[in-house]
Structures are given as C-alpha cells and as structure tokens.
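**Q** Mind looking at a prediction? Sequence and model below.
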Amino acid sequence: MLKRPIIIDTDPGIDDALAIAIALFAEELDVRLITTVAGNVCLEHVTNNTLKLLHFLEKDVPVAAGASRPLIEPLVDASNVHGATGMEGFDFPEPKKELLLKENAVNAMYRVLMESDEPITLVPIAPLTNIAMLLSLYPEVKSKIKEIVLMGGSASRGNKGVMSEFNIATDPEAAKIVFDSGLPIVMAGLDVGWKALVYPEDSEKMKDMGKTGEMAYCLFKKYRGGSFNTGLKMYDSCAIAYLLRPELYTMEDAYVDIELSAGMTRGCTVVDLKGYLGKEPNTKVCMDIDGEAFRAWFLEYVGKCI
Ligand code: BDR
Ligand code: CA
C-alpha cells in the first residue's frame, strides 16, 4: 500500500496522544517527523510527553522541538484540561531521548520536506507557531507541502473565548500567516470536535484492547475535555480521521480569516460561508461529522495500535 507521508505538529495533550497513536499504527500513513510546540503545556513538557509516548508505543519516529511560546503574546496553557504536565493519569516509561533531533522543529520540517520525493501533508494539532515560522523563513517549502490538515478554529462558537478556539487563539498571528499562505488547508475545528465523542462504554471496551487502549482509559479518566460520562472530545483525532475517512465529514469551501484585533473576538476564525468578504475560498471547512461513524472509526483504529 502506498502510504501517505505526514508530519504531525503537536502539543500532547491527552487528545493529541490518541491522535498520534492512531496515526503511527495506521497502515495508510507514514509519519516522517513529529514536531512539538508550546500549547496545552510548556514546550519542555510537550516534548517529554512525545518522547514518553513513542517509547511506550515502541515507535522510533524522529522528534524536533519547536517554539516555546506564541509569536507575540505569552503562552496561556490548558493545563486545567490536560493536567499539570499535559498527559496526566498514566504511568508512562521514561522519554526516549535519543529520538530528539538536535535541529529545531522548523529546520527539521524544512529538511524532511525538501528531502522528500513526494509532497508531504502537514498535520498541525496545536497552535500554529512552528508552521508559521516554517512558511515565513522558508517559503520555498510550499511546493513540497501537499496540504495542511489542521485541528483548530470554529465556524460557530469557541472553547477558549466566546468565539475562539484554543489552538488558534493561543497564537492568532501564526494562524493568520498559515491561513494567508495560499496552501490548501483543511480545517477540522470545534464544529466537528464537539461531535467527535468517546463515551464510557467505548472507554471500557478500549481498556481491554491492548496497552494503547489501557493508556487511553487511564488518560480519559483525568481528561477534562468534556465529561467521562457524557462524552470526551477527541478534537485532534478529527484531523487524522479526515486523512483516513474524509467521507465522515460534511465540507464547505470558504474564505477563512483570523481576527487579530484586541478584544473579545481576538483569535476567532472568521469563516465566510456566504462570501460577504468577496474573497476566494482558502479553506475546506469541516462543518459536520457523523459522530456514530467517528466513534466506530476511533475504536477500530485504537484497536490497530499495540
Ligand atoms: C485543541 O486544544 C487543545 O487543548 C487540544 O489538544 C486540541 O488540539 C482543541 O481546542
Ligand atoms: Ca492539541
């Protein structure tokens, strides 16, 4: 099978951990590099978490650490959702430090992209700081990027502010650079993340589905991305599900801009579904998802992990 090459940019993060595990064991995907960025918790923690996760999953994918803060503003993390160190609730092995490259995330992405014979899909599931720096420093990489399939934004309401989603609101300037890049973008935001739910009976099943399932069960007990009883939001897996099962989604082409003004709506994705702004669409927006089919997909793919 021809595997689709991807680079994951991440801030694990409990939902990131599951998205990464699924991607690493999906036979359709070839994860060439994982880059880390400050987001859910600080850079040191998200990088350590990635290295711990890879040790646990027995996968040797190179990791490069990136930005320790957003471009302009200080980091406001989400440790209230993911726990103080970002992946609380499970006893992981030591971080596999030998997987950490000496290169920073931007240079590592640049090298991996330029060395590749075929264009690579970028899958950012975190604030877009690293991706914005990559596109600004090395615009020549654009021809090597197939598309950017990101988790972030919302065509409706927010989860960080009234109208803004965490990944975009954490670094709005970076998001603006990415959405203005001219690259094909798929936005899997809150409109689908809020419906990509895992229920207690799913978690119970996962507990007995191998060590990844057991890890998921333990992390989910601590994860405040929803409630264990009424459904946990698997935001970041929405980007991976789009790569593997695009038919789960209802899509709309739209021009998306980022609100940068200071005030209540800073960091919101302005999704122009009706063409008020008179701009050509720059994004394929995931507007809806078949939640039941997502649940089945999620369990199936967690089942493919060790
Ligand atoms: C996004 O914010 C983070 O807390 C999650 O990992 C996800 O990437 C959801 O808004
Ligand atoms: Ca994330």
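**A** The structure has been received and is ready for your questions. Ligands and ions are numbered 1, 2, ... in the order given.

**Q** was I right about residue 265 contacting residue 165?
**A** No: when contacts are counted by Cβ atoms under 8 Å, residue 265 is not listed as touching residue 165 (12.0 Å). C-beta here means a position set from N, CA and C on the backbone, and glycine is covered the same way.

**Q** Is there a neighbour count for the residue of the chain found nearest ligand 1? I'd like the number.
**A** Nearest to ligand 1 in the chain, going by Cβ to the nearest ligand atom, is residue 166, at a distance of 3.6 Å. By other Cβ atoms under 10 Å, 25 other residues sit near residue 166.

**Q** Mind checking what secondary structure the residue lying closest to it once chain neighbours are set aside has?
**A** The shortest distance from residue 166 to any non-neighbouring residue, by Cβ to Cβ, 6 or more residues apart in numbering, is to residue 160 (4.4 Å). Put simply, residue 160 is coil when judged by DSSP: H, G, I helix; E, B strand; the rest coil.

**Q** coming back round to it: more neighbours, residue 265 and residue 165?
**A** residue 165 (27 against 16).

**Q** what about the more buried one, distance to ligand 2?
**A** 11 Å (Cβ to the ion, to the nearest Å).

**Q** can you pull the contacts of the nearest residue to that residue once chain neighbours are set aside?
**A** In space, and not counting its chain neighbours, residue 165 is closest to residue 154: 4.8 Å by Cβ to Cβ, 6+ apart. Contacts for residue 154 (Cβ atoms under 8 Å, 6 or more residues apart in numbering) come out as 163-165, 189-191, 268-269, 271.

**Q** now do 7 Å
**A** 165, 189-191, 269 (Cβ atoms under 7 Å, 6 or more residues apart in numbering).

**Q** Now secondary structure and pLDDT too, for those, in TSV please.
**A** As requested, the contacts of residue 154 are arranged in TSV below (DSSP: H, G, I helix; E, B strand; the rest coil; pLDDT from 0 to 100):
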residue	secondary structure	pLDDT
165	coil	98
189	coil	98
190	helix	98
191	helix	98
269	strand	98
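
**Q** okay, which residue is most central for the chain?
**A** residue 125 (1.4 Å; Cα atoms, centre = their mean).

**Q** From residue 96, how far off is that one?
**A** Distance of residue 125 to residue 96, given as Cβ to Cβ, to the nearest Å: 20 Å.

**Q** repeat for residue 224
**A** For residue 224 relative to residue 96 (Cβ to Cβ), the value is 28 Å.

**Q** Could you do residue 130 as well?
**A** In terms of Cβ to Cβ, residue 130 sits 21 Å off from residue 96.
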